[in-house]
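*Asks:* I'd like to go over a predicted model; first the sequence, then the structure.
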Amino acid sequence: MASTPITELTNTNNNASLLEGEHWTAMRPVLDETSAMPKGKLDAGCIGIHECEHESKCRCLKAISDGIHRNRQSDSGSTYTVSSITSTTLGLKLALSSNTSKSEFGRNIPSLVAEFSFETNDRFHVKIYDPNNARWEVPASASPIPTPPSCPPVNPQYKYECANIGEPFFFTIIRRSNSEVVFSTLGTKMQFAEQYLELSTILPTNYNIYGLGEHIRSFRVPPHTLLTLWNLDIATPSHVNLYGSHPFYLDLRPPGYAHGVFLRNCNGMDVKTDTNLLTYKIIGGILDFYFMLGPEPEAVVQQYHEIIGRPHMPPYWSLGWHQGRYGFQNIKDVEGVTKLYSENQIPLEAVWSDIDHMDDYKNFTLEYNNYSAPEVQNFVEHLHRRGMRYVVILDPAIKIDHGYEPYDDGLKQGIYIKDKNGKIYVGRVWPGLSVYPDFLNPATFPYWQKQIAKFRTKLVDFDGLWLDMNEPSNFTNRICIDGIDDGDHPDSIHNPHEHVQDSSENCPITNPPKGLPQDGDMLRESTPDPNHTEFTPDNPPYAINNAGCKAALSTKAVVMTAVHHGGILEYNCKNLYGHVQGMVTQKALENITGKRTFILSRSTWPGSGAYVAHWTGDNHATFDDMYYSIPGMLSFQLFGIPHVGSDVFGFDGEPTEELCSRWMEVGAFYPFARNHFGKGKPPQEPYVWSSVAAIARKVLAIRYSILPYYYTLFYKAHRPISPSNAPAATVVRPLFFEFPTDPKTYDIDQQFLIGSGLLISPVLKQGATSVSTYFPAGKWYDWYSHEVVSSAGGETKELPTPRGHIQIHVRGGIVIPLQGQALNTTESRKKNFSLLIALDAAGNAIGDLFLDDGESISMNP
């Protein structure tokens, strides 16, 4: 063993409980995995903080680098002046007065308050709001609000500077260790009107910003990019707002210091990056910022997750390989797929049913001819006996159908979204005319739990749920169907054309992105109006770049004037709908099963990862989309949803054998790994091509062998922060998370790490037979041969990679726990354990493992 740099050790006692935190050492004493980034001891507070004692002072920004002043815009400035300053327990409160009654898109609110609060040593809070009139804020019931400390932190990493009385308002946040400005509004304008808020921060030259999703694009946000955050049902065109909204970004500065910025606002917004400026343009709410000072990238994300909620711990089985299809003809068709997987000896964990199983596309039903209850029940029982699982889809909208129990129950409970006249709002989705449960209404939870429980008990003993269409989607937006009273009989709306009102006001969009209906989408243009005072939710004065073409906010959506529980407008809370549905569904399913849940959701918002997993939507069978799956997966690690993946081979289109081969190679290593494709497409399960089947057997054998490692990473991301634990928030991660001092890693998004130890470098280009692989500092071993590929790192190598091979490398100094492979996790968890020990240059290696029964809520090892 002394001469072997990489070693496998076997534990033959497969009942042994190897606890999290237990280390295995080869050759040398165990060394902790710590970042090379020096933290240093930082002074506390703004001007000298002691425990429960705080003295704050404000002064103009004078001692900061000249770069700030070079970036200052001479033709702009704050539209607010500081009128008074008051000390608070945690910082300062500034009263602001508008210099002008007019802003670009409406009249400025005359008086504001800006509160600055030291919350923890690494988190600072800035909140700007109207003290005289309540405005919409994200409710604590939907998204947690950190509890402020009783006294300021003793050793903060930051200080702040702000304007003095009589001066134009600005604020600047500075890292104490190196006096670096991490956020500054100096020289920029702030606007705060009824339906338009604007605030900018100065950025350094050649900045590295990540996050601000959900979009199809590169991982690093380039300059001169407009990013719209507005949840939309659309078939994943690039650079267009998609299903979720995440107003968080991570900023990485050489030589490796990172910080994060979270705007706790769920209204629609555009975020624009220019050469040296980032600007928020928001159509409602308040300015509620949290700043996380890291300084390591992983620490930034962990600090962010402490605000929004730590990621959900998935059941072990959900980490296996999944298969779905939109267009299964009947349950026999589904059963045939599972048989072909078995015959081809390809692992399969769970099979999924899209809306095909529903009766007339109604939730909580089975289509009695092709999916009869006895046949489905027999099939699911057979799956369970083989150690496999069954997942079904669940859309939010409920079909209007008298005698359909979920609809009738909702009427009795009064839990549907209303229109502006107090009637039940009616939309149109897969089942036709439908109504929408209001998940902000507390009465919806028992209703929703009852429907899920009854469906699972009487019809399908499913194992997981798939939440789709929950932006929420509405197939019509040009017409407005009259609402219905709670007691209306559905026969009164059997002909929707009798209740149609044409609400078009502007010309239709001539070239909407693919996935939007051609008829009915309205093009909106921003209409600067300094005198605008009327609240117009359907047509605000500033038009965000919805769908990449400034489509109306109600495009493929519930109308903005619809009303939720407590009088909350859809205009304000639309981006929360899928998030809150996920919260309600997760708690309901946990109550029903008494086990850890697996729920996949299309629409998300900050904190969704505490309840659900996510897939990146209706992607396409192209090499470009295969590449984009990696930036998407990495972005959702930042957003707190590490259990994420894309539809392998693509949902839409017809993939080639080559594309399927290459996508199988990389897709096997997504945290959530599923093959799923659209209706009317030729079969594209891995066994369709013998070459792809061989690749699937090879890469899925590797995936199943490293599931103990994957599962441990999920546990470390899920567990609460502890001073004794290194920062852990992500499962897969970009290279710069482990190597933040290496600028060559900042722009890499065609490779990724699983944890800190496995480097994945896939072929992503058509026709390529090699891959350019960057090896950061350290010793790197080939997964297959255990030979050293790079002894020092910091180099790029062109590696021959024929079809059927994916480059996997093991980082020196890491121990990877392994387990014997099988066709599903029920069987693989019975296999023996082994350890893959890769020594670093000093002959050391460290690793850990978390084990439990894989499904209990308590997670006792």
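*Replies:* Nice, thanks for sending it over. Residues are numbered from 1 along each chain as shown.
*Asks:* what about the helices in this structure?
*Replies:* Ranges of helices in the chain, per DSSP state H, are 66-70, 297-308, 331-343, 373-385, 405-413, 444-458, 570-573, 577-593, 623-638, 657-667, 690-705, 707-718, 735-738, 825-828.
*Asks:* State the mean pLDDT of the third one.
*Replies:* If I follow you right, that is helix 331-343. Across helix 331-343, pLDDT averages out at 98.
*Asks:* Where do the strands of the stretch 651-800 of the chain begin and end?
*Replies:* 673-675, 732-733, 752-754, 758-761, 770-775, 780-782, 788-790, 795-800 (DSSP state E, counting those that start in this stretch).
*Asks:* Format these as JSON lines; extra columns: distance to Gly653.
*Replies:* The C-beta positions use only the backbone N, C-alpha and C, and glycine is treated the same way. Shown next, in JSON lines, are the strands of the stretch 651-800 of the chain (distance: least, C-beta to C-beta, whole Å):
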{"stretch": "strand 673-675", "distance to Gly653": "14"}
{"stretch": "strand 732-733", "distance to Gly653": "25"}
{"stretch": "strand 752-754", "distance to Gly653": "24"}
{"stretch": "strand 758-761", "distance to Gly653": "24"}
{"stretch": "strand 770-775", "distance to Gly653": "24"}
{"stretch": "strand 780-782", "distance to Gly653": "34"}
{"stretch": "strand 788-790", "distance to Gly653": "35"}
{"stretch": "strand 795-800", "distance to Gly653": "29"}
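*Asks:* mind checking which of those strands is nearest Val182?
*Replies:* strand 732-733 (21.6 Å; C-beta to C-beta).
*Asks:* In the sheet, which strands lie alongside the closest one, parallel or antiparallel?
*Replies:* strand 752-754 (antiparallel) (DSSP bridges).
*Asks:* Need the strands of the stretch 651-800 of the chain in CSV (columns: distance to Gln377, mean neighbour count and mean pLDDT).
*Replies:* Converted to CSV, the strands of the stretch 651-800 of the chain look like this (distance: least, C-beta to C-beta, whole Å; neighbours: other C-beta atoms under 10 Å; pLDDT from 0 to 100):
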stretch, distance to Gln377, mean neighbour count, mean pLDDT
strand 673-675, 24, 23, 98
strand 732-733, 37, 24, 98
strand 752-754, 38, 23, 98
strand 758-761, 40, 23, 98
strand 770-775, 47, 18, 98
strand 780-782, 48, 20, 98
strand 788-790, 52, 19, 97
strand 795-800, 50, 12, 98
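*Asks:* And those strands: which comes nearest Phe623?
*Replies:* The closest of those to Phe623 is strand 770-775. By C-beta to C-beta, the value is 13.2 Å.
*Asks:* relative to strand 795-800, how tilted is that closest one?
*Replies:* Inter-element angle recorded for strand 770-775 and strand 795-800: 150 degrees (by axes from the mean of the first three to the mean of the last three C-alpha atoms, to 10 degrees).
*Asks:* name the helices or strands packed onto strand 770-775?
*Replies:* When contacts are defined as 3 or more C-beta pairs under 8 Å, 6 or more residues apart in numbering; DSSP states H and E, strand 770-775 packs onto strand 758-761, strand 795-800, strand 807-811.
*Asks:* distance of Gly106 from Pro540?
*Replies:* For Gly106, the distance to Pro540 (C-beta to C-beta, to the nearest Å) stands at 9 Å.
*Asks:* shared neighbours, those two?
*Replies:* Gln195, Tyr196 (C-beta atoms under 8 Å, 6 or more residues apart in numbering).
*Asks:* Settle this for me: Lys698 is touching Arg803, isn't it.
*Replies:* No. Counting by C-beta atoms under 8 Å, Lys698 does not reach Arg803; the two are 11.6 Å apart.
*Asks:* where does the stretch 201-350 of the chain have low pLDDT?
*Replies:* Scanning the stretch 201-350 of the chain for pLDDT under 70 picks out nothing.
*Asks:* try the stretch 51-200 of the chain
*Replies:* 51-77.
*Asks:* Do a quick rundown of the strands in it.
*Replies:* Along the stretch 51-200 of the chain, counting by DSSP E, counting those that start in this stretch, strands occupy 53-54, 80-87, 91-98, 102-103, 106-107, 111-120, 123-129, 158-162, 171-175, 180-184, 191-192, 197-202.
*Asks:* One more: the stretch 251-400 of the chain?
*Replies:* Along the stretch 251-400 of the chain, counting by DSSP E, counting those that start in this stretch, strands occupy 257-263, 269-273, 277-282, 287-292, 321-323, 350-353, 389-394, 398-399.
*Asks:* Can I get those strands in TSV including distance to Ile234 and mean neighbour count?
*Replies:* Shown next, in TSV, are the strands of the stretch 251-400 of the chain (distance: least, C-beta to C-beta, whole Å; neighbours: other C-beta atoms under 10 Å):
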stretch	distance to Ile234	mean neighbour count
strand 257-263	23	25
strand 269-273	17	22
strand 277-282	21	21
strand 287-292	28	22
strand 321-323	24	25
strand 350-353	22	23
strand 389-394	19	23
strand 398-399	23	24
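*Asks:* Could you dump those strands into TSV with distance to Asn575 added?
*Replies:* Shown next, in TSV, are those (distance: least, C-beta to C-beta, whole Å):
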stretch	distance to Asn575
strand 257-263	12
strand 269-273	9
strand 277-282	12
strand 287-292	14
strand 321-323	27
strand 350-353	26
strand 389-394	20
strand 398-399	21
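*Asks:* what's near enough to touch Val391?
*Replies:* Val391 touches 322, 324, 350-353, 462-466, 598, 600, counting by C-beta under 8 Å, 6+ apart.
*Asks:* Can you give me the pLDDT of the nearest residue to Phe439 once chain neighbours are set aside?
*Replies:* Nearest residue to Phe439, sequence neighbours excluded (C-beta to C-beta, 6 or more residues apart in numbering): Val580, at 4.2 Å. Model confidence at Val580, given as pLDDT, is 98.
*Asks:* What is the burial count for Val580?
*Replies:* 26 (other C-beta atoms under 10 Å).
*Asks:* So it sits against Asn441, correct?
*Replies:* No. Contact between Val580 and Asn441 fails when scored by C-beta under 8 Å: they sit 9.8 Å apart.
*Asks:* Can you tell me the closest non-neighbouring residue to Lys281?
*Replies:* The nearest residue in space to Lys281 (C-beta to C-beta, 6+ apart) is Asp270, at 4.5 Å.
*Asks:* and if you look at Val113?
*Replies:* Residue nearest to Val113 in three dimensions, not counting chain neighbours: Pro131, with 4.6 Å by C-beta to C-beta, 6+ apart.
*Asks:* for that neighbour, what are its contacts?
*Replies:* Taking C-beta under 8 Å, 6+ apart, one finds Ala95, Ser111, Leu112, Val113 in contact with Pro131.
*Asks:* again, but for Glu375
*Replies:* Ile331, Lys332.
*Asks:* Can you give me the distance of it to Glu590?
*Replies:* Applying C-beta to C-beta to Glu375 and Glu590 gives a distance of 29 Å.
*Asks:* will you turn the contacts of Pro131 into CSV that also has distance to Val240 and neighbour count?
*Replies:* Formatted as CSV, the contacts of Pro131 follow (distance: C-beta to C-beta, whole Å; neighbours: other C-beta atoms under 10 Å):
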residue, distance to Val240, neighbour count
Ala95, 40, 17
Ser111, 38, 16
Leu112, 33, 23
Val113, 36, 16
